[in-house]
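heads up, no residue letters with this:
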């Protein structure tokens, strides 16, 4: 089955630690995204990548880092510089590849709930 | 910059009845896409329906349909024959179709829908 997987489902972090959230897709999508969701709010874009070895900052990139070494993987690291990291993190992907018109819809993984202790 | 507004933080509907969720957006662009996503208690984001701005015909997907009013910048979602499984957060979203920009999706704050048995 094609889809997007995120792991772990729940993650606990002590203050001052870096943690990495995994996102993998087997949809052969070029574009991948990381969003943050806080209670009662919509989604805010952290980082996005339109192609392997390239990524761009979204609206709230401070305190986060990403890499895109493989097409199917887009891990997100929450660093100790992120002042309020407790949130729900969603990864998404889309066909991308410059196909801005057409069926380029974002599909989401199941999410990771990060809690700072 | 584009914005998406959902003026109803919470709504409820009786099982088997019809409910309409409101969404308005602000943009100066003429070509764009609009989406409704559903987020059930599992927190998985699920695409419900998509509308291309250049199409005058309203999109429909089984019990879900939209009322797209381009001039009014309104994009409401109608759920017919509501079922208990429809209980979820519903997010309205906008994506530009400008070829010079990446496919950033802007999400509204969401509407929490409860279905009463």
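That came through fine. Quantities reported herein were computed from a predicted structural model and do not represent experimental measurements.

Would you mind pulling the contact partners of the strand or helix carrying residue B:93?
Assigned by DSSP states H and E, residue B:93 falls within strand B:88-96. Outside strand B:88-96, the residues within contact range by CB atoms under 8 Å, 6 or more residues apart in numbering or on different chains are A:42-43, A:104, B:2, B:4, B:6, B:21, B:23, B:25, B:27, B:29, B:31-41, B:45, B:48, B:75, B:77, B:103-108, B:110-113. For every residue, glycine as well, the C-beta is placed using N, CA and C.

Using PyMOL, define a selection of the buried residues within these.
Buried residues among the contacts of strand B:88-96 (16 or more other CB atoms under 10 Å in any protein chain shown), as a PyMOL selection:
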select buried, (chain A and resi 42+43+104) or (chain B and resi 4+6+21+23+25+27+32+33+34+35+36+37+38+39+45+48+75+77+103+104+105+106+107+108+110+111+113)
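
Excluding chain neighbours, give the residue nearest to residue 53 in space.
You didn't pick a chain, so chain A it is. Using CB to CB, 6 or more residues apart in numbering or on different chains and skipping residues adjacent in sequence, the residue nearest residue A:53 is residue A:68, 6.1 Å away.

let's do chain B instead
residue B:32 (4.8 Å).

So the one you found sits against residue B:50, correct?
No: counting by CB atoms under 8 Å, residue B:32 stays clear of residue B:50, with 11.3 Å between them.

any weak-confidence spans in the chain?
Using chain A. Along chain A, segments meeting pLDDT under 70 span A:1-2, A:97-103.

not quite, I wanted chain B
For chain B (pLDDT under 70), the answer is B:98-103.

Spell out which residues of it are next to chain A.
With CB under 8 Å from any CB of the partner chain as the criterion, chain B meets chain A at residues B:4, B:9, B:31, B:33, B:35, B:37, B:42-47, B:50, B:91, B:95, B:97-99, B:101-105, B:107-110.
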